[in-house]
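**Q** following is a predicted model, sequence given first.
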Amino acid sequence: MKHWFALSAIGRDRPGIVADLAELIYDCDCNLEDSSMTILGSEFAVLLLLTGEGEDIEQRLSSACKRLEWEKRLTVFFRPLEGEPVPYGVSHRARSVELHAVGVDKAGIVARVTRCLANHQINVAQMSTLSRPEPGTGTPIYSMKIRMEVPEDVDQSGLRRELEGIAQALHIDLTLQAQET
C-alpha cells in the first residue's frame, strides 16, 4: 500500500543538500513526487512530497531523517499524510490569479495583503518575496509575488477594491492578473 509523506528540511546552504535528501529518499525505497526548494539568506529550505510502501516505511524514514540531521547538520521534519493529496484546484472551483506588489519596504505588507486574501477564502498556492536596495539611493524596495486560487464565487470587484485600498494605504503598486490553466 502506498503511503504519502511531507518532508521539510532547512540548513546552511552548501553544495550537496539536494543530493543528500534524494539519496535518503532513494535509500528508503521512496519516490519523490513533488518538491519546492529555495535559498533564503544563507539557509537552504526544501519541502518534499514523497511516497513509499511497506509497513515499516515511516520508521525507515524517521531513522534516515535522524541520521541526516546528525551527519549533515540539517533540521528535518516529516509527517505522514492521510491518503493521497488532492491538488487544490481539483476539488474546488477556483481560478488561478497572480498578484504582484512592489514598494518601499515596510512592516505589514505581507500581513495586510494575505489577511485580505484569507478573508475572501483565497488559497495562497505559492508566494515569494524579496527586499533589495534600490540602485543609487539604497532605499529598500520590497516585492511580493503570490500565485493564488480564487474561488469562482468571490466578488472580484470587491476584492480588487479592498486590495487597492491596502495598496494605497501602504504606498505600494499592486496588480492582479488571471493565469491560464
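**A** Thanks, I have the structure now.

**Q** so what pairs up with Ile3 in the strands?
**A** Rather than Ile, residue 3 is His. Legend: beta-bridge partners of His3 under DSSP bridges are Gly52.

**Q** what do you get for Pro80?
**A** Phe5.

**Q** count of residues packed around it?
**A** By other Cβ atoms under 10 Å, the residues close to Pro80 number 13. Every C-beta, even on glycine, is put in place using the N, C-alpha and C of the backbone.

**Q** give the contact list for it.
**A** His3, Trp4, Phe5, Glu58 (Cβ atoms under 8 Å, 6 or more residues apart in numbering).

**Q** give me that answer again for 10 Å
**A** Going by Cβ atoms under 10 Å, 6 or more residues apart in numbering, Pro80 touches His3, Trp4, Phe5, Ala6, Gly52, Ile57, Glu58, Leu61.

**Q** buried subset of those residues?
**A** In these, burial by neighbour count holds for His3, Trp4, Phe5, Gly52, Ile57, Glu58, Leu61, counting by 16 or more other Cβ atoms under 10 Å.

**Q** element containing the most far-flung residue of the chain relative to its centre, please.
**A** Distance from the C-alpha centroid of the chain peaks at Gly136, with 32.1 Å (Cα atoms, centre = their mean). Assigned by DSSP states H and E, Gly136 belongs to no helix or strand.

**Q** distance check, it against Glu33.
**A** Note on Gly136: its distance to Glu33, by Cβ to Cβ, to the nearest Å, is 45 Å.

**Q** which residues does stretch 9-27 contact?
**A** Residues from elsewhere that reach stretch 9-27 (Cβ under 10 Å, 6+ apart): 5, 7, 30-33, 35, 37-48, 50-52, 60-61, 64-65, 67-69, 71-78.

**Q** so how do I select the buried members of these in ChimeraX?
**A** Remark: buried members of the contacts of stretch 9-27, expressed as a ChimeraX selection using 16+ other Cβ under 10 Å:
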select :5,7,30,44,45,46,48,50,51,52,60,61,64,65,68,72,74,76,78
